[in-house]
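Got a predicted structure plus its sequence, pasted below:
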Amino acid sequence: MMRKQVACFSAIAALACVMVASDNSFAQIAENQKAVLAFDIYFDRLATSDLAKATGMDDPSKALGPAAGAPDDAIKPDELYRVMGAISAPPNLASIQGLSDGAEQLDFNFFARLQFKGPAATDTAFAEMSKDCEAVSVGGKEYHRPPVKEGTPKNILFHRLSSDVIEIATDTYMTLPDRNVFSNNLTQAWIKMPKAAIRVAADLDGSRHLIDEGLKMAEGNVPPMAQPALSMVNNMAALRIGLDFSSNDLLWLTATGRDESATGQINATLGGLLAMAKGFGQQSLPMAGPDAQGPGGELLAALATKVEGNDVNIILPRPAGFEKAIGGAVSQMMMMGGGMGPGAGMEPGNGADPFGGDAMDAPPVPANAGGADPFGGGGDADPFGGGGDADPFGN
């Protein structure tokens, strides 16, 4: 009897192992399909900053208009709280150039999450996006696919992830059980990112084929002064950038060298470029208004690099009086006809809606992404490390 029970338990254990192995193989994707760029943008933080108020940019819709490709009432920047996502590397530069011609199918992967300021705004946006879209079911989860028309790739899905989040992604990323899609290099770069209103990280080693192709195309056409910058990019393994108009640090940039020697070369090149910028700034600053002298001097003094391991860092503080100085400069340019102001030279996008048609009648069935979280956060919908369903990036 005991032997039969042991045999039975062994069979169950073997079956469980097969199921786990199968599930793990489903969750994994090829290295060349993993994301090499991640971004996280807080529209709300930017719009409510003192700088936005000083420059009249506290209403993003005035400056940006409706989201590109969407109908006038579909996605308004002033209704967005946050946008986050990740993108894999295209196989070649021609693939990127072909996007403007309307690719039939994307040959790279991405996902993007649009977090709105509340369910009502999300309802409106999702209803507009869902018009004329095909409802599809994959693995028991409900999605929508944009109608096939010229310029609309076939391999894109979207769904209502939560009460205030809409997710858009290629089929490959959308149907994964989680958003653990970062390359190893991008993962290491992202975990070092401070919190900021705008954060972007790139795995340059994972994009090396594109960099090499671009450098080869540029051979013989690059001015001598630009050669050091190109060499610097070739020495980088990763790049991290952050911008925030409300924190003590205005901007930070970190270039990670491929090795110790590459880091030294990056530091030398960046140091030279910063010295040139500082010299130009010191000559130009006296011609600026009195409000610019204090903040400008503090920013110029901060133009320096700091090396930590293979990271070359540049950190610019947000000096006192910065918003007043920038606001004054913008006002002066507008009076001189410079055209720098909310909506200057821009009109709302009135192009065709790639999503077209009638609103959904039935409530959405969330296709929540569960499992491992490359951004370090808890919850099914959070691959970026933060609290709550809508936060995959950790803020």
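Sure, I can see it. Remember, it's a predicted structure, so these values are computed and weren't measured experimentally. Numbering: from 1, shown residues only.

can you pull out the helices in the stretch 201-350 of the chain?
For the stretch 201-350 of the chain, applying DSSP state H, counting those that start in this stretch gives helices covering 208-218, 227-235, 260-284, 290-301, 322-335.

CSV for the ones you listed, including distance to Phe182, mean neighbour count and mean pLDDT?
Backbone N, C-alpha and C define where each C-beta goes, glycine included. Shown next, in CSV, are the helices of the stretch 201-350 of the chain (distance: least, CB to CB, whole Å; neighbours: other CB atoms under 10 Å; pLDDT from 0 to 100):
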stretch, distance to Phe182, mean neighbour count, mean pLDDT
helix 208-218, 17, 13, 88
helix 227-235, 21, 16, 86
helix 260-284, 22, 15, 93
helix 290-301, 33, 16, 88
helix 322-335, 33, 17, 68
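
Please convert these to JSON lines, extending it with distance to Pro91.
Converted to JSON lines, the helices of the stretch 201-350 of the chain look like this (distance: least, CB to CB, whole Å):
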{"stretch": "helix 208-218", "distance to Pro91": "8"}
{"stretch": "helix 227-235", "distance to Pro91": "20"}
{"stretch": "helix 260-284", "distance to Pro91": "25"}
{"stretch": "helix 290-301", "distance to Pro91": "40"}
{"stretch": "helix 322-335", "distance to Pro91": "41"}
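
Indicate which one of those is closest to Glu134.
Among the helices of the stretch 201-350 of the chain, helix 208-218 comes nearest to Glu134, with 32.7 Å by CB to CB.

Grab the CA positions of the closest one and hand them over as CSV.
The C-alpha coordinates for helix 208-218 follow below in CSV (Å, rounded to 0.1, in the frame of the first residue of the first chain):
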residue,chain,number,x,y,z
ARG,A,208,25.5,47.5,-30.0
HIS,A,209,24.5,46.2,-33.4
LEU,A,210,22.6,49.4,-34.0
ILE,A,211,25.4,51.6,-32.7
ASP,A,212,27.9,49.8,-34.9
GLU,A,213,25.7,50.1,-38.0
GLY,A,214,25.1,53.8,-37.3
LEU,A,215,28.9,54.5,-36.9
LYS,A,216,29.6,52.6,-40.1
MET,A,217,27.0,54.7,-41.9
ALA,A,218,28.5,57.9,-40.5
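
Quick one: list the elements packing against that helix.
Applying 3 or more CB pairs under 8 Å, 6 or more residues apart in numbering; DSSP states H and E, one finds that helix 208-218 makes contact with helix 93-97, helix 227-235.

closest one to Pro319 among these?
Nearest to Pro319, of all the helices and strands packed on helix 208-218, is helix 227-235, at 26.9 Å by CB to CB.

other SSEs contacting that closest one?
Under the contact definition 3+ CB pairs under 8 Å, 6+ apart, helix 227-235 sits against helix 208-218, helix 260-284.

Save the ones you listed as TSV, and put in distance to His144 too.
TSV is the format used below for the helices and strands packed on helix 227-235 (distance: least, CB to CB, whole Å):
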stretch	distance to His144
helix 208-218	31
helix 260-284	44
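
Select, out of the ones you listed, the one closest to Phe108.
Nearest to Phe108, of all these, is helix 208-218, at 10.5 Å by CB to CB.

what's the angle between that closest one and helix 227-235?
Computed by axes from the mean of the first three to the mean of the last three CA atoms, to 10 degrees, the angle separating helix 208-218 from helix 227-235 equals 160 degrees.

So which of the helices of the stretch 201-350 of the chain is nearest Leu250?
Of all those, helix 322-335 sits nearest to Leu250, with 7.1 Å by CB to CB.

That concludes my questions; thank you for your assistance.
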